[in-house]
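Engineer: Model the structure of this input:
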Amino acid sequence: MCNRAFSRQTHLIRHQQLHSDEHPYVCDVCNKACRYKNSLIKHKRKHRGQRTYHCEVCNKAFSRRSSLITHQRIHSGERPYVCDVCNKAYSDKSSLIKHIHKHSGERPFVCDVCNKAYGDKRSLIRHTRIHSGESPYRCEVCNKAFSRRSSLITHQRLHSGERPYVCDVCNKAYSDKSSLIKHKRKHSGERPYVCDVCNEAYGDKRSLIKHKRIHSGERIYRCEVCNKSFSRRSGLIRHQRLHSDEHPYVCDVCAKAHRYKSSLLIHKCLHSGELPYVCNVCSEAYSNNCSLMKHKRLHSSEHTYRCELCNKAFSNKSSLIRHQRLHSDERPYVCDECNKAYSNKSCLMKHKHLHSDERPYVCDVCAKAYRYKGSLIIHTRMHSGERPYVCNVCSKAYSDKSSLMRHKRLHSS
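Structural biologist: Take a look at the predicted model:
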């Protein structure tokens, strides 16, 4: 067949099995078939949990001698298998063969269900588990099952707390290599995954996939309560808390609970006084990026959100949604004390202070307390003398907008 010569007949017989694809040795536990008897013996050690070959450096145990030899190269740094195209070196032959397929473009292993092709047999086997639903690797701690051994190993680090992959720039540690690679792109600024519609670039493939749903309009995550759909799973989880009223993020200073982690981080800035988001035009500072982005539209005069009924334009989507409720008379925010309804959440929160008589906003000069933050801001101007609202007719200044509006009616009358 191939004219290859051997010094022993047994070697010839073994070699001929490569041409015939014969697998006469079958495991009596899982029915896996092997070409050679010694391959079956090695395989059965997996079922028995037998690991007779131990590494002298780290004491890790293996069921096969060849696996031990490959492992020892991690300690020695030896990479004897070198690509003759680009000189990239590997510690084991199978990794080199996979790599060579990248140069040749050869994908000889084809799925018989969906015809997807792979450069190595192991990748094909992992892929076919998607169709079969097979998850042969099971965690001994929580019984969770995985289709890949590597996924099981990564998962087990959640139980052990092991984080072997460490960033050489900031020493942040990760439980899997892919997370470290993504993290290091933050330092390098590398964004290799580019959207073919708008050229927006991302540091990892998953973020690009999520982004592309914006263009396609695909919303694969659906709420079982109200049927609202989302393009991201995180968006669905955030939304579901509206139904459950779950507030899992609690401030360690005042014990106020929040639905979202981002809300907690913004809230904690009230205690610390930190305003990390600064406008590069006027140096106005904010506790969160969303507020900064809204503010910056004031400088650009950008009004990208337009009402289809009256053509009024808004700089942010939330303002447009609130405005549209004026046309529809929708009032989705209902007080659970008196059933009074409001078109936006902030109005409901202000109203609920009437029932509780809570006055959380306290002046740090005279200790006077207010229900609303806006009322406290107006009050503090009495101490500071600040009058930011100025009449454009006579230049008279006021500490609050309502006083200015009353004054301007004198000119108009």
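Engineer: just the strands in the stretch 251-400 of the chain please.
Structural biologist: In the stretch 251-400 of the chain, the segments counted as strands under DSSP state E, counting those that start in this stretch are 257-258, 277-278, 285-286, 305-306, 313-314, 333-334, 341-342, 361-362, 369-370, 389-390, 397-398.
Engineer: so residue 55 makes contact with residue 68?
Structural biologist: Yes - counting by C-beta atoms under 8 Å, residue 55 does reach residue 68; the two are 6.3 Å apart. In short, each C-beta sits where N, CA and C put it, glycine included.
Engineer: who touches both of those two?
Structural biologist: Residues within reach of residue 55 and of residue 68 at once, by C-beta atoms under 8 Å, 6 or more residues apart in numbering, are residue 62.
Engineer: Looking only at neighbour counts, state which of the two leads.
Structural biologist: residue 68 (18 against 14; other C-beta atoms under 10 Å).
Engineer: Centroid-nearest residue for the protein?
Structural biologist: For the chain, residue 207 is the residue whose C-alpha lies nearest the centre (C-alpha atoms, centre = their mean; 7.3 Å).
Engineer: Quick check: closest non-adjacent residue to that one.
Structural biologist: Using C-beta to C-beta, 6 or more residues apart in numbering and skipping residues adjacent in sequence, the residue nearest residue 207 is residue 193, 7.1 Å away.
Engineer: Repeat that for residue 6.
Structural biologist: Closest to residue 6 by C-beta to C-beta, 6+ apart is residue 12, at 4.5 Å.
Engineer: For stretch 203-214, buried residues please.
Structural biologist: 203, 204, 208, 210, 211, 212 (16 or more other C-beta atoms under 10 Å).
Engineer: Verify the stated contact: the first one with residue 193.
Structural biologist: In other words, residue 203. Yes - contact status for residue 203 versus residue 193: in contact at 7.3 Å, counting by C-beta under 8 Å.
Engineer: residues in contact with the residue nearest to residue 207?
Structural biologist: So residue 193 contacts 201, 202, 203, 204, 205, 207, 208 (C-beta under 8 Å, 6+ apart).
Engineer: in the stretch 251-400 of the chain, what spans have low per-residue confidence?
Structural biologist: Scanning the stretch 251-400 of the chain for pLDDT under 70 picks out 301-303.
Engineer: Can you give me the distance of the residue of the chain most remote from its centre to residue 390?
Structural biologist: For the chain, the residue at maximal distance from the C-alpha centroid (C-alpha atoms, centre = their mean) is residue 413, at 58.5 Å. Separation of residue 413 from residue 390 (C-beta to C-beta, to the nearest Å): 20 Å.
Engineer: cool, and residue 368?
Structural biologist: 26 Å.
Engineer: what number of residues lie near the residue nearest to residue 324 when sequence neighbours are not counted?
Structural biologist: Once flanking residues are discounted, residue 324 sits nearest to residue 307: 6.3 Å by C-beta to C-beta, 6+ apart. The number of residues packed near residue 307 is 14, by other C-beta under 10 Å.
Engineer: Report the distance from the helix or strand encompassing residue 15 to the chain centre.
Structural biologist: Assigned by DSSP states H and E, residue 15 belongs to helix 9-20. Remark: helix 9-20 is offset 50 Å from the chain centroid, using C-alpha atoms, centre = their mean, to the nearest Å.
Engineer: Likewise for stretch 306-318?
Structural biologist: Taking C-alpha atoms, centre = their mean, one finds stretch 306-318 lying 31 Å from the centre of the chain it belongs to.
Engineer: and what of stretch 329-347?
Structural biologist: Counting by C-alpha atoms, centre = their mean, stretch 329-347 comes out at 33 Å from the chain centroid.
Engineer: And it, end to end?
Structural biologist: Stretch 329-347 has an end-to-end distance of 15 Å (criterion: C-alpha to C-alpha, to the nearest Å).
Engineer: Return the set of buried residues in that stretch.
Structural biologist: 333, 342, 343, 344.
Engineer: ditto for stretch 28-36
Structural biologist: Quick answer for stretch 28-36 (16+ other C-beta under 10 Å): 32, 34, 35.
Engineer: The second one reaches residue 17, doesn't it?
Structural biologist: So that's residue 34. No - taking contacts as C-beta under 8 Å, residue 34 lies outside contact range of residue 17: 10.0 Å.
Engineer: Which neighbours do those two have in common?
Structural biologist: Common neighbours of residue 34 and residue 17 (criterion: C-beta under 8 Å, 6+ apart): residue 23.
Engineer: distance of the closest residue to residue 306 other than its chain neighbours from residue 27?
Structural biologist: With sequence-adjacent residues excluded and distances taken as C-beta to C-beta, 6+ apart, residue 306 is closest to residue 313, at 4.7 Å. Using C-beta to C-beta, one gets 70 Å for the distance from residue 313 to residue 27.
Engineer: picking that back up, take the strands of the stretch 251-400 of the chain and lay them out in TSV including distance to residue 377.
Structural biologist: Putting these into TSV (distance: least, C-beta to C-beta, whole Å) gives the following:
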stretch	distance to residue 377
strand 257-258	22
strand 277-278	20
strand 285-286	15
strand 305-306	27
strand 313-314	23
strand 333-334	23
strand 341-342	22
strand 361-362	9
strand 369-370	9
strand 389-390	12
strand 397-398	13
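Engineer: Please name whichever of those is nearest to residue 219.
Structural biologist: Closest to residue 219 of the strands of the stretch 251-400 of the chain is strand 305-306 (C-beta to C-beta; 19.7 Å).
Engineer: which residues does residue 175 contact?
Structural biologist: 154, 157, 158, 162, 163, 164, 165 are the contacts of residue 175 under C-beta under 8 Å, 6+ apart.
Engineer: which one among these gets closest to residue 359?
Structural biologist: Nearest to residue 359 among those, with distances taken as C-beta to C-beta, is residue 158, at 44.9 Å.
Engineer: who's in contact with the closest one?
Structural biologist: Applying C-beta under 8 Å, 6+ apart, the residues near residue 158 are residue 175.
Engineer: Against residue 146, how distant is it?
Structural biologist: Distance, residue 158 to residue 146, by C-beta to C-beta: 12 Å.
Engineer: cool, and residue 134?
Structural biologist: Counting by C-beta to C-beta - residue 134 and residue 146 are separated by 10 Å.
Engineer: wait, isn't residue 186 in contact with residue 180?
Structural biologist: No - the criterion here is C-beta under 8 Å, and residue 186 misses it with residue 180 at 11.0 Å.
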